[in-house]
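Novice: here is the input, now give the coordinates:
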Amino acid sequence: MTQCKLCFKDIAFSSEPQYISVTGKMIPLDVNPAGIITGKHQCQVWRQMNRRYYKCRKCSREIYFDEYQKSKNGRPIPLDRKTGFGHQCNN
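Specialist: The predicted structure is shown next:
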């Protein structure tokens with residue numbers, strides 16, 4: 001079984017069309033202990049390493065957005081770089 005080089009979780013690759021990217025590369029897949037595919041691998045370590053940071057327009061502190069952190073109406077919540085919690089602008 002192959003492991004993710006960043007988070008060390010077990011992953012697999014499949015040549016089935018739904019698991020091939022538009023560029024032709026095989027997409028890493030999460031597998032359970034029985035070897036059954038449970039979905040596309042979402043490596044948290046990779047996401048943290050490749051996160052894009054922005055400056056708050058009001059206070060200039062660094063913030064970022066996470067696709068899993070959204071408000072009730074579906075808008076992304078700005079998160080503070082240092083704490084990882086919702087950004088509370090001082091201005």
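
Novice: distance between stretch 30-42 and the chain's centre?
Specialist: 16 Å (C-alpha atoms, centre = their mean, to the nearest Å).

Novice: span of it from start to end?
Specialist: 8 Å (C-alpha to C-alpha, to the nearest Å).

Novice: for it, the averaged confidence score.
Specialist: Stretch 30-42 shows a mean pLDDT of 90.

Novice: buried sites along it?
Specialist: 30, 31, 37, 41 (16 or more other C-beta atoms under 10 Å). C-beta: built from backbone N, CA, C; applies to glycine.

Novice: mind checking which of the residues you listed land in helices?
Specialist: Assigned to helices by DSSP state H, none of the buried residues of stretch 30-42 qualify.

Novice: and the two most separated of those residues?
Specialist: Largest separation among these by C-beta to C-beta: 37 and 41, giving 10.0 Å.

Novice: overlap in contacts, the two.
Specialist: Listed as contacting both residue 37 and residue 41 by C-beta atoms under 8 Å, 6 or more residues apart in numbering are 29, 30.

Novice: from the buried residues of stretch 30-42, which ones fall inside strands?
Specialist: Cross-referencing the buried residues of stretch 30-42 against strands under DSSP state E gives 30, 31, 37.

Novice: once you drop chain neighbours, what's closest to residue 81?
Specialist: Excluding its sequence neighbours, the residue lying closest to residue 81 (C-beta to C-beta, 6 or more residues apart in numbering) is residue 62, at 4.0 Å.

Novice: where does the chain dip in pLDDT?
Specialist: Within the chain, the segments meeting pLDDT under 70 span 91.

Novice: spit out the contact partners of the residue minimising distance to the centre of it.
Specialist: Per C-alpha atoms, centre = their mean, the C-alpha nearest to the average position across the chain is that of residue 47, at 4.2 Å. Counting by C-beta under 8 Å, 6+ apart, residue 47 makes contact with residue 66.

Novice: ok, now residue 46?
Specialist: 6, 7 are the contacts of residue 46 under C-beta under 8 Å, 6+ apart.

Novice: much appreciated, bye for now.
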